[in-house]
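Novice: The sequence isn't on hand, but the structure is:
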Ligand code: CO
């Protein structure tokens with residue numbers, strides 16, 4: 001839906017006038033949430049009449065008590081046990097590109113390993129000249145890098161293959177997060193050990209009770225993998241692999257081994273459980289794709305969305321996230337009519353390789369029902385496909401790698417529903 005230029009200008013002017021007028025702003029706030037008038041101008045609020053907590057009371061800061069709903073959530077029927085399960089990032093409550101550490105989705109196969117950093121060791125062995133064992137302090141003494149990358153579970157949006165299922169971007173797309181990792185390039189460790197000429201694959205294994213392990217080709221290991229110990233400046237959270245996890249930029253989350261215990265070097269893949277019985281993609285003809293590592297370009301509108309309905313008509317900001325496992329996101333388009341017409345969204349904030357970008361698209365909502373969509377394009381020219389286009393190639397047996405275009409139906413009431421368009 002391409003609005004004529006003069007109409008767009010008119011809506012922006014209306015917004016500016018509304019925000020500048022004190023009466024108008026107060027009326028809009030009142031419509032959204034009445035609150036306690038005693039705490040609102042011209043009265044003096046309770047919090048202005050008393051001293052607050054002193055420094056040191058909150059030794060490790062937490063969000064405001066009024067932000068209690070901003071939490072990871074689970075879907076009870078999805079898995080048999082909480083130890084082998086998943087929780088979802090509340091994407092609809094966040095902005096920018098960085099996920100706070102405490103809100104990064106979780107995926108465990110045998111629960112959270114609680115590792116004493118003094119007992120932590122990383123073993124490097126197999127087809128190397130010199131097997132090595134690193135302590136955490138050893139790793140911290142080596143040259144390090146800082147990289148912002150998204151991490152997406154291969155099964156993100158996996159419940160949506162056969163039609164719209166879960167009502168909220170937290171559930172449809174919340175198995176993604178994006179943080180800044182600090183750690184040692186894996187290449188550096190491999191070079192220290194010295195690779196034999198037939199060293200073609202690595203097998204990374206976790207120290208959790210599942211001993212989660214995956215095979216990764218040497219070309220990727222030597223490219224941009226990081227043996228990371230920090231996330232957003234602080235040490236990794238236990239649920240994210242404390243004290244050390246593997247970072248495999250752009251590739252499915254399953255290979256980002258947490259609680260990294262060892263890396264074995266070999267001349268062929270190991271065909272572990274997680275790359276045979278799981279994390280392969282069953283096609284319509286009964287054959288399965290294997291070693292499908294890369295996460296293709298994808299995007300989702302996080303607001304408005306089912307958990308973030310619109311509260312009023314008028315100036316409205318569509319906000320969302322886009323990412324690509326094959327490089328930088330180059331462009332994001334937004335549609336208001338289910339994909340018939342597209343307009344370029346505005347990407348705001350930094351654009352990094354294999355990282356989330358934040359996009360916005362503003363419009364004047366007159367209360368009409370809309371079908372909201374977004375589609376990402378990456379620097380390789382790849383365009384995020386419709387779900388139907390994806391199904392034509394991949395069938396509907398799949399769980400993993402569903403990067404189809406999401407549709408949200410915006411109702412006249414402002415409520416939003418997960419739907420599909422034909
Ligand atoms: Co895969």
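Specialist: Everything's here; your move. Please read these numbers as outputs of a predicted model, since none were measured by experiment.
Novice: Who are the contact partners of the residue of the stretch 201-350 of the chain found nearest the ion?
Specialist: Going by Cβ to the ion, the ion is nearest to residue 292 of the stretch 201-350 of the chain, at 3.4 Å. Bear in mind the C-beta positions are built from the backbone N, C-alpha and C, glycine included. By Cβ atoms under 8 Å, 6 or more residues apart in numbering, the contact list for residue 292 reads 154, 252, 279, 280, 281, 400, 401.
Novice: same check, this time on residue 395
Specialist: So residue 395 contacts 282, 283, 284, 285 (Cβ under 8 Å, 6+ apart).
Novice: out of those, which is most surrounded?
Specialist: When neighbours are counted by other Cβ atoms under 10 Å, residue 282 leads the contacts of residue 395 with 16 neighbours.
Novice: hey, where'd the helices end up in the stretch 51-200 of the chain?
Specialist: With DSSP state H, counting those that start in this stretch, the ranges of helices along the stretch 51-200 of the chain come out as 136-140, 169-173, 186-193.
Novice: now for the longest one, which elements pack on it?
Specialist: Counting contacts by 3 or more Cβ pairs under 8 Å, 6 or more residues apart in numbering; DSSP states H and E, helix 186-193 packs against strand 121-126, strand 132-135, helix 218-221, strand 226-231, strand 260-266.
Novice: Just give the number of residues close to the nearest residue to residue 123 once chain neighbours are set aside.
Specialist: Taking Cβ to Cβ, 6 or more residues apart in numbering as the measure, residue 123 lies nearest to residue 262, with 4.0 Å between them; neighbours along the chain are not counted. Using other Cβ under 10 Å, the number of residues around residue 262 comes to 20.
Novice: Just the pLDDT for residue 262.
Specialist: Residue 262 carries a pLDDT score of 98 in this model.
Novice: go on, residue 348?
Specialist: Note for residue 348: predicted pLDDT of 98.
Novice: so who does it touch?
Specialist: Remark: with contacts taken as Cβ under 8 Å, 6+ apart, residue 348 is in contact with 358, 359, 360.
Novice: Is the first one bridged to anything, and to what?
Specialist: When you say that, I think you mean residue 358. Going by DSSP bridges, residue 358 is paired in beta bridges with residue 321, residue 348.
Novice: Pull the contacting residues for it.
Specialist: If you count contacts by Cβ under 8 Å, 6+ apart, then residue 358 has 95, 96, 97, 319, 320, 321, 347, 348, 349 around it.
Novice: now the closest residue in space to the fourth one that isn't next to it in sequence: how far from residue 137?
Specialist: Computed as Cβ to Cβ, 6+ apart, the closest residue to residue 319 that is not its neighbour in sequence is residue 303, at 4.7 Å. From residue 303 across to residue 137, the span is 43 Å (Cβ to Cβ, to the nearest Å).
Novice: who has more neighbours, those two?
Specialist: Each of residue 303 and residue 137 has its neighbours counted (other Cβ under 10 Å); residue 303 has more, 22 against 10.
Novice: quick one: residue 38 is in a helix?
Specialist: Yes - counting by DSSP: H, G, I helix; E, B strand; the rest coil, residue 38 falls inside a helix.
Novice: Run a quick neighbour tally on it.
Specialist: Neighbours of residue 38 under the rule other Cβ under 10 Å: 9.
Novice: what's the answer for residue 150, then?
Specialist: Burial of residue 150 is recorded as 26 neighbouring residues (other Cβ under 10 Å).
Novice: how much space between it and residue 229?
Specialist: From residue 150 to residue 229 the distance is 19 Å (Cβ to Cβ).
Novice: circling back to that earlier point, the residue nearest to residue 319 contacts residue 318, correct?
Specialist: Yes - in this structure, residue 303 sits in contact with residue 318. The criterion is Cβ atoms under 8 Å, and the distance is 7.3 Å.
Novice: helix/strand/coil for the residue of the stretch 201-350 of the chain closest to the ion?
Specialist: Following three-state DSSP, residue 292 is assigned to coil.
Novice: Does anything pack onto the helix or strand containing residue 214? Which helices or strands?
Specialist: Under DSSP states H and E, the secondary-structure element containing residue 214 is strand 213-217. Identification of packing neighbours for strand 213-217 by 3+ Cβ pairs under 8 Å, 6+ apart yields strand 201-206.
Novice: Output the contacting helices and strands for the strand it packs on.
Specialist: Counting contacts by 3+ Cβ pairs under 8 Å, 6+ apart, strand 201-206 packs against strand 213-217, helix 218-221, strand 260-266.
Novice: in the sheet, who's paired with the most centrally placed residue in the chain?
Specialist: Most central residue of the chain, judged by C-alpha distance to the mean C-alpha position with Cα atoms, centre = their mean, is residue 176 at 2.2 Å. For residue 176, the beta-bridge partners under DSSP bridges are residue 152.
Novice: hang on, it packs against residue 105?
Specialist: Yes - checked against Cβ under 8 Å, the pair residue 176 and residue 105 is within contact range at 7.1 Å.
Novice: Which one (most neighbours) among the contacts of residue 358?
Specialist: Of all the contacts of residue 358, the highest neighbour tally under other Cβ under 10 Å goes to residue 321, namely 29 neighbours.
Novice: List the contacts of that residue.
Specialist: Under the criterion of Cβ under 8 Å, 6+ apart, the neighbours of residue 321 are 91, 97, 173, 176, 178, 299, 300, 302, 356, 357, 358, 359.
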